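Enquirer: Sequence and predicted structure, then a few things I'm wondering about:
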Amino acid sequence: MDIKKESIKPREEEASKRSCSFDEVIHGYSEAEALQEALRCLQCKDPTCISGCPVNIDIKTFINQITQKDYEGAYLTIRSKNDFPSICGRVCPAEYQCEKACVFTKKGSPYASEKAINIHLLERFAGDYGKERNIGVQVKKDDELTRRRVAIIGSGPAGIACAGDLARRGINVTIYEALHLSGGVLRYGIPPFRLPRDILDFEIDSLKKMGVKLAPNHIIGKIKTIDDLFSEGFDAIFLGLGAGMPMFLGIKGENFCNIYSANEFLTRINLMSAYKFPEFHTPVNIGKSVIVIGGGNTATDAARASLRLQRMQGLKPNATILYRRTEVEMPARRIEIEHAKEEGINFRFLVQPEEFAGDDKGFVKKMRCLKCKLGEPDDSGRRKPIAISGSDFELECDMSIIAVGLAANQVLTRATPGLKTDERSDVIVNTKTMETSIKKVYAGGDIVGGEGTVIEAMGMAKKASEAIINYLKQL
Ligand code: FAD
Ligand code: SF4
């Protein structure tokens, strides 16, 4: 087979067509495309890509297995470190992780080069292969563990990864989830055009088949406490509470109607299926001119969802992302920024909102902004935006979505005396075992590290599940 110098681009739904629906944008590799891309891998003696993966998947081996057409082997190699390759192959910011560490990316580059091996798409290919054929991994039931019970609070990536690890060893697991559906941000935050719901449903169903019990509509900290769960006979507890509390700008006029937090806006669309109105009776009245404030995945997801709703409701598409820095500093995945541009999202860089103004009925009508310039790098390593005084200008909008960050969900932490948290309200853990300040209570994911990524949350959960198993074996 002819080995290509450039990475093989995946096929995608055409921009004008896809931006009228919530169907998946990127089509996975065909077998021929996966083989072509896998053959580009140099099978390096020192595979630097592996150190770029938060859970150290043996990337070199699984890519080699793909070149040998051993797709089942590739799937199992990934599954030995990551239970959800079909999910991670779609949402992992690989350009900042394994692909940035691939030898094809120049050292010091802020993200992966165009030539880096498309590791995430190969992972997705192997993941979908395994999923479509229902290939399981060996369940190693441990007789001494089958009597043990673990409660998991939160069904996001951290919770479901921990549940999978424990259930495979025969432990009885119950996941308590505040919402009526499982998946955390994978369900209520990331839109279906990036992560189709059948993929998520499949993974949740697999957990159920392994015996994991799901308890939706349970806000732990309100209807039950940690002590109640121990009294009910659970031997250990894992907290995967996430960072579900939206941050706001704290500027004048932020309470006008039609100003949303991105979390609320995306929850209405994704969890409450606003995009399926009238099939679902929970529509979102989208604005004619939407301004999204922020530069992360949440901002690109909110803007792209807005534009889709505008087109679906027969409006002229008009959605803008406003960001204080420049495109280089945007934390969103590069592919999402490209897709947003192709779909017609406007970008205004180096701009900071100062105040919202509304009409006499209380609805937002415009915002006053200041232009910014970049200063020296701040704690995040990115150049700090500095507002230029006297550079005021106005932008019209009848809807604004604030996507400037998320903080710890504190419902349970506040209701649990003795559970130590830091100044950001994140739960403090022993980083080797993920055990919290309360014995037998472990934690992982965004509630520990702050806003992170799906694979980082799963990595922490894996560490915790190992520690929980070790503890349960001693009982
Ligand atoms: P979550 O996914 O937040 O799940 C926590 C769960 O716990 C929730 O379901 C919540 O309802 C439940 N819960 C909280 N408190 C309680 C309680 N007291 N009782 C019961 N249940 C409770 N990462 C990527 O890698 N790639 C991306 O493309 C990406 N895009 C993103 C887009 C958006 C819009 C957002 C918001 C985040 C995105 N992220 C992305 C980040 C990623 O989704 C998170 O890092 C990850 O979901 C964290 O997983 P978690 O399990 O810790 O928490
Ligand atoms: Fe080398 Fe990149 Fe292949 Fe990893 S993916 S083995 S770094 S060429």
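Expert: Yep, that arrived. Ligands and ions are numbered 1, 2, ... in the order given.
Enquirer: and A340, which of the three is it?
Expert: Three-state assignment for A340 (DSSP: H, G, I helix; E, B strand; the rest coil): helix.
Enquirer: count of residues packed around it?
Expert: Using other CB atoms under 10 Å, A340 has 24 other residues around it. Where C-beta positions appear, they are placed from N, C-alpha and C, glycine not excepted.
Enquirer: Also F280?
Expert: 11.
Enquirer: tell me the contacts of R187?
Expert: L179, L181, R197, L200, N270, L271 (CB atoms under 8 Å, 6 or more residues apart in numbering).
Enquirer: What does it show for phi and psi?
Expert: phi -100, psi -50 (degrees, to the nearest 10).
Enquirer: Closest one to ligand 1 out of the contacts of R187, please.
Expert: L179 (4.8 Å; CB to the nearest ligand atom).
Enquirer: The closest one in helix, strand or coil?
Expert: Strictly by three-state DSSP, L179 counts as coil.
Enquirer: Please tell me how far it sits from M247.
Expert: 20 Å (CB to CB, to the nearest Å).
Enquirer: how about the strand or helix carrying V364: buried residues?
Expert: Taking DSSP states H and E as the criterion, V364 maps to strand 364-377. Across strand 364-377, burial judged by 16 or more other CB atoms under 10 Å covers V364, K365, K366, M367, R368, C369, L370, K371, C372, L374.
Enquirer: on contacts alone, who are the packing partners of the helix or strand just after it?
Expert: Proceeding N to C from strand 364-377, the next assigned helix or strand is strand 383-387, under DSSP H and E. In terms of contacts (3 or more CB pairs under 8 Å, 6 or more residues apart in numbering; DSSP states H and E), strand 383-387 is packed against strand 364-377.
Enquirer: Direction included, what does the strand it packs on pair against?
Expert: Sheet pairing for strand 364-377, assigned by DSSP bridges, gives strand 351-358 (antiparallel), strand 383-387 (antiparallel), strand 393-396 (antiparallel).
Enquirer: so which of those strands is the most packed in?
Expert: Compared across the strands paired with strand 364-377, strand 351-358 shows the largest average neighbour count, a mean of 19 (mean count of other CB atoms under 10 Å).
Enquirer: Can I get that strand in CSV, CA atoms only?
Expert: Extracted C-alpha coordinates of strand 351-358, given in CSV (Å, rounded to 0.1, in the frame of the first residue of the first chain):
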residue,chain,number,x,y,z
VAL,A,351,-12.5,41.6,23.2
GLN,A,352,-13.8,41.7,26.8
PRO,A,353,-17.5,42.3,27.7
GLU,A,354,-18.0,45.1,30.2
GLU,A,355,-21.7,45.5,30.7
PHE,A,356,-25.0,44.2,29.3
ALA,A,357,-27.9,46.5,28.4
GLY,A,358,-31.5,45.4,28.1
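Enquirer: Might you name the residue of the stretch 51-200 of the chain sitting closest to ligand 2?
Expert: C102 (3.4 Å).
Enquirer: There's contact between that residue and H120 in this structure, I believe.
Expert: No: counting by CB atoms under 8 Å, H120 is not a contact partner of C102; they are 11.2 Å apart.
Enquirer: Please name the nearest non-neighbouring residue to A274.
Expert: Nearest residue to A274 in three dimensions, chain neighbours excluded: V284, at 4.2 Å (CB to CB, 6 or more residues apart in numbering).
Enquirer: Quick check: that neighbour vs ligand 2, distance?
Expert: 41 Å (CB to the nearest ligand atom, to the nearest Å).
Enquirer: Just the element for that residue, please.
Expert: Counting by DSSP H and E, V284 is part of no helix or strand.
Enquirer: For it, which residues are in contact?
Expert: Counted by CB under 8 Å, 6+ apart, V284 has contacts F265, R268, I269, A274, L309.
Enquirer: So which of those belong to helices?
Expert: Secondary structure from DSSP state H places F265, L309 of the contacts of V284 in helices.
Enquirer: quick one: least confident of the contacts of V284?
Expert: Across those, the member with the lowest pLDDT is A274, scoring 93.
Enquirer: For that one, give me its contacts.
Expert: R268, F280, T282, P283, V284, L309.
Enquirer: run the last query once more with 7 Å
Expert: Listed by CB atoms under 7 Å, 6 or more residues apart in numbering, the contact set of A274 reads R268, T282, P283, V284.
Enquirer: what's near enough to touch E12?
Expert: V25, I26, H27.
Enquirer: ditto for D422
Expert: Contact analysis of D422 by CB under 7 Å, 6+ apart lists I428.
Enquirer: so how far is S437 from it?
Expert: Applying CB to CB to D422 and S437 gives a distance of 11 Å.
Enquirer: Now list whatever residues contact both of the two.
Expert: I428.
Enquirer: how far does stretch 441-458 stretch from start to finish?
Expert: One end of stretch 441-458 to the other measures 17 Å (CA to CA, to the nearest Å).
Enquirer: And E99, which helix or strand is it part of?
Expert: helix 98-101.
Enquirer: what packs against that helix?
Expert: helix 48-51 (3 or more CB pairs under 7 Å, 6 or more residues apart in numbering; DSSP states H and E).
Enquirer: Recalculate using a threshold of 8 Å.
Expert: Short answer (3+ CB pairs under 8 Å, 6+ apart): helix 98-101 packs on helix 48-51, helix 119-132.
Enquirer: Now render these as TSV, adding mean pLDDT, mean neighbour count and distance to N409.
Expert: Below are the helices and strands packed on helix 98-101 laid out as TSV (pLDDT from 0 to 100; neighbours: other CB atoms under 10 Å; distance: least, CB to CB, whole Å):
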stretch	mean pLDDT	mean neighbour count	distance to N409
helix 48-51	96	18	31
helix 119-132	96	24	28
